[in-house]
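Engineer: I'll drop the sequence and a predicted model, then ask my questions.
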Amino acid sequence: MTVMDRSVEANPLDVALGVDEETSESRPVSRRRDMLIAAGVIAVGGASIALAVAVVPATGGDPFGPRWWPTVLGGAIVLLGALLIGVAIRKPDAPSEDAPTKRGISRVLLMLAAIAAYGVAWYFLHFVIVTLLLAAGLTFVLGGRGWRDLVLFPVIVTVVLYGVFGLLLGVPL
């Protein structure tokens, strides 16, 4: 074992999941794929605008009613999707990109499962508890180690989210 081999520690998450060393294959970059993704982004933005317009306001005449913010977000999503199409059209051809690895796919699936569990747990536990657990879990999945990453960062994230949404905006959490 060389010094370099010892300096690269095995990720405990990869060991637990049985993921070996990353192997990547090259795939050609597809403009069509990029444009399909951009079209999907535009469709999501358009759907959010359509859903926002369908909201019936409780009171009339308020310019910043319940439709305003979802409509602005939907418009921003449509605009960003259009920018993605522009980038896909104008960017030079890239020779290839790395194929997804087992490690990357397992991390994405774990994050999606953690977010789904967060939504379910929120019905039974307080916002602060589940948000601390989610932030710590996602930090661990993404490679964070040590007390700063797994304790301090989730506490800061939870305090900021609770302060903004719970205290400043008055959202019932």
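Structural biologist: That came in fine, so what should we check first?

Engineer: and stretch 141-150, what's its mean pLDDT?
Structural biologist: Stretch 141-150 shows a mean pLDDT of 89.

Engineer: just the terminal-to-terminal distance for that stretch.
Structural biologist: 11 Å (C-alpha to C-alpha, to the nearest Å).

Engineer: buried set for it?
Structural biologist: Val141 (16 or more other C-beta atoms under 10 Å). Any C-beta I mention is one placed from the backbone N, CA and C, and that applies to glycine too.

Engineer: now what about it, what contacts it?
Structural biologist: Defining contact as C-beta atoms under 8 Å, 6 or more residues apart in numbering, one finds that stretch 141-150 is touched by Asn11, Leu13, Arg107, Leu110, Met111, Ala114, Ala136, Thr139, Phe140, Phe153.

Engineer: run the chain-centre distance for it.
Structural biologist: With C-alpha atoms, centre = their mean, to the nearest Å as the basis, stretch 141-150 stands 18 Å off its chain's centre.

Engineer: any buried residues in the helix or strand Ala88 falls within, and which?
Structural biologist: In this structure, Ala88 sits in helix 68-90 according to DSSP states H and E. For helix 68-90, the neighbour count (16+ other C-beta under 10 Å) marks Thr71, Gly74, Ile77, Val78, Gly81, Leu84, Ile85, Ala88 as buried.

Engineer: check what pLDDT Leu133 gets.
Structural biologist: 96.

Engineer: so which strand or helix has it?
Structural biologist: helix 127-141.

Engineer: so how far is that helix from its chain's centroid?
Structural biologist: Using C-alpha atoms, centre = their mean, the offset of helix 127-141 from its chain centre is 14 Å.

Engineer: what's the neighbour count on the nearest residue to Pro154 once chain neighbours are set aside?
Structural biologist: Spatial nearest neighbour of Pro154, excluding adjacent residues (C-beta to C-beta, 6 or more residues apart in numbering): Ala135 at 3.5 Å. Residues lying near Ala135 (other C-beta atoms under 10 Å) number 21.

Engineer: tell me the contacts of Ser48?
Structural biologist: Counting by C-beta under 8 Å, 6+ apart, Ser48 touches Pro70, Leu73, Gly74, Ile77.

Engineer: so can I have a markdown table of those showing pLDDT?
Structural biologist: Shown next, in a markdown table, are these (pLDDT from 0 to 100):
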| residue | pLDDT |
| --- | --- |
| Pro70 | 89 |
| Leu73 | 94 |
| Gly74 | 94 |
| Ile77 | 96 |
